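K.L.:
Mind folding the following:
(one chain, ligands or ions: 1)
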Amino acid sequence: MESGGEFEMVDEMVLTPVTKIDIRELAELRNERDVYLSVYLPTSSGEDRDENRTFVARRAKAMEEALSGDLKESFRETMEVVEDRLLWKPVPGERGRIVFASAPASLLQVYRIGVEPDRTMVLDTSSFLLPLAKLRDDYLDYGLLLLDSREARFFCVRSDVPEAVGRLSSDLMNKHKKGGWSQMRFNRLRKGAIKSFLSEVAEDLLESCTGQETRGLVVAGPGTAKSQLLEILPADMGKRVLGVVDLSIDATKRELLEAGNEIALADERERSEERAEELRSEILRGGLAVRGIEATKSALAEGRVSVLVLLKDASVPGWICERCEALEAKKRPPECPICGGPTSTVDVINELYELAERTDAEVEFVEEDPCLASGEGVGALLRY
Ligand SMILES: [Zn+2]
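P.N.:
Numbers count the residues shown, from 1 in each chain. Take a look at the predicted model:
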């Protein structure tokens, strides 16, 4: 096995939002043999990093021992390229690291992320994308607007990192000294100033939000400016407001995140539950839905799945044929009973997930659901 020429390398020394990683492209990469290494490591604390060192060494040794001949050689090459990159010290704000690598496929992607993954290291015939998919489901991007009647700050929260993207302030009120004006006149002017300030904010929001694939918008701040803004937002914009929360205008980034995340996560849960409910009712009335591994697999293979619904902690051991992609939730046979090709042990859920990615199906993870649980943790809403 030769390592082919130039490495396709992604290795940035800055945080990457999990939503920015091209999961679709990674899902396309497959090999008949175990050449794709995927590593997820938490990197927040010194303790984590010490543990990573031991973990990586132990897993690498076990993998090497399990491999034979040229695969052992190519694994060593892959490890040579990634080893340092796994253990380098974190960049500011980094809480986790994801590495996809394969010397034979000339692949090296290193991502420093702002959220914490579970420690995992896998060598397989394709990259192990399920943990990344779950992180993306939990940490979809959202917009956060912090405002009072004279100031507005707009953030884009990506993977738990708030990036300030805009700021508007109105110092109109300070310009008008009260002296010489009646209180009534002043109040009227002040109201007018707030109103025009808020419509400016609304306009700005429209500009910053359109085109961005955000989950929606959280509106935060003290007092009544929030609700005044909601009143003047155009309807389609209003629909994208996930929630409203009382917060000091001087809130720290941490406080903003906590308040925003709670609302965004609640919205995600609600959306998952809606999907699960939709699946349940379609199944009950014999509509466009399937449940269980076999039925879901066939529907995916036929390109009929619009939404793959997975129980978040579902995991089903099985095997795949690396030649004809036969997939079964059974003990691995030495060779494929259909085509005689090589087989490997897999998590069937991960394979279904990758199939969904490759066929442009949407994927929804559900926290818990009895209907799904009784169908091996898998179901799908169908296009036809
Ligand atoms: Zn086969």
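K.L.:
what's the distance between the closest residue to Leu355 other than its chain neighbours and the ion?
P.N.:
Closest residue to Leu355 apart from its sequence neighbours, by Cβ to Cβ, 6 or more residues apart in numbering: Leu300 at 4.5 Å. Where C-beta positions appear, they are placed from N, C-alpha and C, glycine not excepted. The span separating Leu300 from the ion equals 17 Å under the rule Cβ to the ion, to the nearest Å.
K.L.:
Angles on the backbone of Gly318, please.
P.N.:
Main-chain dihedrals, Gly318, degrees, to the nearest 10: phi -170, psi -160.
K.L.:
Please report the number of neighbouring residues for it.
P.N.:
19 (other Cβ atoms under 10 Å).
K.L.:
Check Lys195 too.
P.N.:
When neighbours are defined as other Cβ under 10 Å, Lys195 has 13 of them.
K.L.:
Which secondary structure state does whichever residue of the stretch 151-300 of the chain sits closest to the ion sit in?
P.N.:
Taking Cβ to the ion, the ion has its nearest neighbour within the stretch 151-300 of the chain at Lys297, 14.1 Å off. Following DSSP: H, G, I helix; E, B strand; the rest coil, the label given to Lys297 is helix.
K.L.:
What about it, how many residues nearby?
P.N.:
Around Lys297 there are 23 residues (other Cβ under 10 Å).
K.L.:
That one touches Leu352, doesn't it?
P.N.:
Yes: contact criterion Cβ atoms under 8 Å: Lys297 and Leu352 qualify, at 6.4 Å.
K.L.:
where does the residue nearest to Leu355 fall, phi/psi-wise?
P.N.:
Leu300 adopts backbone torsions of phi -60, psi -40, taken as degrees, to the nearest 10.
K.L.:
interface residues of the protein facing the ion?
P.N.:
Contact residues (Cβ under 5 Å from the ion) of the chain with the ion: 321, 323-324, 326, 336, 338-339, 341.
K.L.:
For ChimeraX, what selects the buried ones among those?
P.N.:
Selecting only the buried entries of these in ChimeraX, with 16 or more other Cβ atoms under 10 Å as the criterion:
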select :321,326,336
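K.L.:
can you redo the residues of the chain next to the ion as JSON lines with distance to Leu168, secondary structure and pLDDT?
P.N.:
Formatted as JSON lines, the residues of the chain next to the ion follow (distance: Cβ to Cβ, whole Å; DSSP: H, G, I helix; E, B strand; the rest coil; pLDDT from 0 to 100):
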{"residue": "Cys321", "distance to Leu168": "58", "secondary structure": "strand", "pLDDT": "90"}
{"residue": "Arg323", "distance to Leu168": "59", "secondary structure": "coil", "pLDDT": "85"}
{"residue": "Cys324", "distance to Leu168": "59", "secondary structure": "coil", "pLDDT": "88"}
{"residue": "Ala326", "distance to Leu168": "58", "secondary structure": "coil", "pLDDT": "90"}
{"residue": "Cys336", "distance to Leu168": "62", "secondary structure": "coil", "pLDDT": "95"}
{"residue": "Ile338", "distance to Leu168": "63", "secondary structure": "coil", "pLDDT": "94"}
{"residue": "Cys339", "distance to Leu168": "63", "secondary structure": "coil", "pLDDT": "95"}
{"residue": "Gly341", "distance to Leu168": "61", "secondary structure": "coil", "pLDDT": "89"}
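K.L.:
Leu230 contacts Val241, correct?
P.N.:
Yes: with contact defined as Cβ under 8 Å, Leu230 reaches Val241; the gap is 6.6 Å.
K.L.:
When these two are compared, which one has more neighbours?
P.N.:
Neighbours were counted for Leu230 and for Val241 using other Cβ under 10 Å; Val241 has more, 18 against 15.
K.L.:
tell me the contacts of that one?
P.N.:
216-219, 230, 233 (Cβ atoms under 8 Å, 6 or more residues apart in numbering).
K.L.:
again, only using 10 Å
P.N.:
Applying Cβ atoms under 10 Å, 6 or more residues apart in numbering, we find Val241 in contact with 143, 145, 216-219, 226, 229-230, 233, 263.
K.L.:
List buried residues within those residues.
P.N.:
For the contacts of Val241, buried by 16+ other Cβ under 10 Å: 143, 145, 216-219, 226, 229, 233, 263.
K.L.:
Need the worst-confidence member of those residues.
P.N.:
pLDDT across those is lowest for Leu233, at 81.
K.L.:
Helices of the stretch 201-350 of the chain, residue ranges please.
P.N.:
Taking DSSP state H, counting those that start in this stretch as the test, the helices found in the stretch 201-350 of the chain are 225-232, 235-238, 253-284, 293-301, 348-358.
K.L.:
which one of those helices lies closest to Glu116?
P.N.:
Glu116 sits nearest to helix 253-284 of all the helices of the stretch 201-350 of the chain, at 13.3 Å, using Cβ to Cβ.
K.L.:
Can you point out the buried residues in that closest one?
P.N.:
Per 16+ other Cβ under 10 Å, helix 253-284 contains these buried residues: 256-257, 259-261, 263-264, 267-268, 272, 275-276, 278-280, 282-283.
K.L.:
Repeat that for stretch 325-335.
P.N.:
Those buried within stretch 325-335 under the rule 16+ other Cβ under 10 Å are 325-329, 332.
K.L.:
from those residues, which is closest to the ion?
P.N.:
For the buried residues of stretch 325-335, with the ion as the reference and Cβ to the ion as the criterion, the closest is Ala326, at 4.6 Å.
K.L.:
shared neighbours, Lys297 and Leu352?
P.N.:
In contact with both Lys297 and Leu352: 305, 327, 378, 380, using Cβ under 10 Å, 6+ apart.
K.L.:
any idea which of these is closest to Ser315?
P.N.:
Relative to Ser315, the closest of the shared contacts of Lys297 and Leu352 is Val378; by Cβ to Cβ it sits at 10.8 Å.
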